[in-house]
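Participant: Quick one, what's the 3D model for this:
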Amino acid sequence: MSSPAVCSWCAFWADAPRRAGARAVARAGLLLASLALAVGCNPAPPTVNAGASAPSPSAVVQALRAHLAARRYGQMSELILAEQASAVVRYLMAMDDFLTANAQLREFIAARISDADAHMLDFSHLAGNMDIFSPYVAIVSEHVEGDVATVAYTIDQRLPVRHARLLRVNGTWRYDPGAGYEPEIIPAVAEMAQGFRRTLAELKSGKLDPEALRGNSQRLFDEVRIRIQPGLKMMPTRAAPAQTAP
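Facilitator: Got it, this is the predicted structure:
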């Protein structure tokens, strides 16, 4: 999706050996129920439909979040710019599947190996890089100028304030996600979700012995990484910025 989200994949793996060695128990992540990206602190949004007067830009953002929480993907598409709606919805579906597979694996590891190892493999923080679809979004303000609107919001009450752009199309506000939703990420995320499921299946079958992995965080981490490596290799890469000659 956005550049910070892509960078988080690399940062997670670069930092993991230190975390595995220290066996530090990270702060508890999102509960499985919130992997559907619940609305959080915002009040229940109004229903958006063609027959009513055009909802405000803020109401459209809240409605998009409510549709995602209920997995009403078709209704989400109606509130996103048509040329980008499919890519955004497919990305959100892939991320939901990825986070669910990760949560199921962590649940097994917590029960059969250790809580610390389950936290070490917690990817739920990536949901915080999903723009208006992140958990715990709070609307700060909106500004409308002609057929362009900007909705300011925070994620988890943290600065900086972020901004979502909406365009008025045929009298209805539609979310403009910009260029951050990269279609190449979708199959990579789907493949990594399969890697989590393969790991879980092998743990349940005994092909990977949970007893042998208890107390060996680095080996557990390596086993998971091997199984999601195909998806990691599929992640789009960015060329380094050109260096300016002195």
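Participant: any idea where the helices of this structure begin and end?
Facilitator: For the chain, the helices defined by DSSP state H cover 3-22, 57-69, 73-77, 82-112, 115-120, 185-205, 210-213, 217-234.
Participant: just those: most buried one?
Facilitator: Mean neighbour count (mean count of other C-beta atoms under 10 Å) peaks for helix 57-69 among the helices of the chain, with a mean of 22. Where you see a C-beta, it was placed from the backbone N, CA and C, and this is true even at glycine.
Participant: what angle sits between that helix and helix 82-112?
Facilitator: On the basis of axes from the mean of the first three to the mean of the last three C-alpha atoms, to 10 degrees, helix 57-69 is oriented at 50 degrees to helix 82-112.
Participant: I'd like to know which elements helix 57-69 is packed against.
Facilitator: helix 73-77, strand 137-145, strand 148-155, strand 158-169, strand 172-176 (3 or more C-beta pairs under 8 Å, 6 or more residues apart in numbering; DSSP states H and E).
Participant: is it possible to export these to a markdown table including mean pLDDT and distance to residue 116?
Facilitator: Formatted as a markdown table, those follow (pLDDT from 0 to 100; distance: least, C-beta to C-beta, whole Å):
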| stretch | mean pLDDT | distance to residue 116 |
| --- | --- | --- |
| helix 73-77 | 92 | 36 |
| strand 137-145 | 96 | 30 |
| strand 148-155 | 96 | 27 |
| strand 158-169 | 94 | 26 |
| strand 172-176 | 96 | 39 |
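Participant: wait, which of those is closest to residue 206?
Facilitator: helix 73-77 (37.2 Å; C-beta to C-beta).
Participant: Quick check: which ranges of the chain have low pLDDT?
Facilitator: 1-53, 180, 238-246 (pLDDT under 70).
Participant: So for stretch 134-153, what gets flagged as buried?
Facilitator: 134-137, 139, 142, 149, 151, 153 (16 or more other C-beta atoms under 10 Å).
Participant: what's the closest of the helices and strands packed on helix 57-69 to residue 123?
Facilitator: With C-beta to C-beta as the criterion, residue 123 lies closest to strand 148-155 of these, at 16.7 Å.
Participant: That closest one pairs with which strands?
Facilitator: Looking at strand 148-155 with DSSP bridges, its partner strands are strand 137-145 (antiparallel), strand 158-169 (antiparallel).
Participant: my guess is residue 71 contacts residue 100, does it?
Facilitator: No: in this structure residue 71 lies outside contact range of residue 100 using C-beta atoms under 8 Å: 11.2 Å.
Participant: measure residue 87 to residue 94 for me?
Facilitator: For residue 87, the distance to residue 94 (C-beta to C-beta, to the nearest Å) stands at 11 Å.
Participant: likewise residue 178?
Facilitator: 19 Å.
Participant: same thing with residue 218?
Facilitator: Counting by C-beta to C-beta, the gap between residue 218 and residue 94 amounts to 29 Å.
Participant: Kindly present the helices and strands packed on helix 57-69 as CSV, with separate columns for distance to residue 126.
Facilitator: Listed next are the helices and strands packed on helix 57-69 as CSV, based on distance: least, C-beta to C-beta, whole Å:
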stretch, distance to residue 126
helix 73-77, 19
strand 137-145, 15
strand 148-155, 12
strand 158-169, 16
strand 172-176, 20
